[in-house]
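> Next input, structure requested:
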Amino acid sequence: AGCANTLVLGGSLAGAGNASLAADTLVITAGDLTGSGVTSALLLQGSRIAQIPFNDGHLCLNGTLVRLGFEPVVGGIATFPGPSDPSLSVGGGVGGGVRTYQVQYRNAVVFCTSATVNQTNGVAVIWAP
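Alright, predicted model coming up:
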């Protein structure tokens, strides 16, 4: 999980499905997020792994960064891709290799720093042909 948020939990990130360019069914789910309703979470894709202090947490990706889109936080959970979004490999322009993913979300109450944003843990995915 990521660094603690106002729920005294860290936002968690996990992937499930097939990380294959030929048959991409990968779904990334972020849980233990703060906010609900009008709050959205942002999925980021990077080309390298990192650990950089950032807002109330750590940025776990680096290199070529791609904003894959926003999804609503419902019951502390956000799922990517959304129903009308392209698959993750298409949306991220993945041509194979390793990509890292992380979700950034609003943590409206000041917690560790004066920032009102936090991140989940990062997940590295090896994309098969």
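> hang on, residue 89 in a helix?
Yes - counting by DSSP: H, G, I helix; E, B strand; the rest coil, residue 89 is found in a helix.
> so it sits right up against residue 129, yeah?
No - if you go by C-beta atoms under 8 Å, residue 89 and residue 129 don't touch, sitting 10.8 Å apart. C-beta: built from backbone N, CA, C; applies to glycine.
> which residues do those two both contact?
residue 21 (C-beta atoms under 8 Å, 6 or more residues apart in numbering).
> what's the spacing between residue 74 and residue 30?
11 Å (C-beta to C-beta, to the nearest Å).
> who has more neighbours, those two?
residue 30 (29 against 13; other C-beta atoms under 10 Å).
> element containing residue 71?
Per DSSP states H and E: residue 71 is located in strand 66-72.
> So if I had to pick from residue 89 and residue 129, which one is more boxed in?
residue 89 (21 against 7).
> how about low-confidence regions in this structure?
The chain contains residues with pLDDT under 70 at 1-8, 35-38, 54-58, 108-116.
> which one's the longest strand in it?
With secondary structure taken from DSSP state E, the chain has its longest strand at strand 97-106.
> At which residues are the strands of the chain located?
12-16, 27-31, 40-46, 48-54, 57-62, 66-72, 78-80, 97-106, 117-119, 123-127.
> Show me what the most centrally placed residue in the chain is bridged to.
Taking C-alpha atoms, centre = their mean, the centroid of the chain lies closest to residue 103, which sits 2.3 Å from it. Beta-bridge partners for residue 103, by DSSP bridges, are residue 43.
> Can you name the residues that contact it?
Neighbours of residue 103 in contact, by C-beta under 8 Å, 6+ apart: 11, 13, 28, 30, 33, 41-44, 78, 80, 119-120.
> before we move on, what about residue 124?
49, 98, 99, 100, 101.
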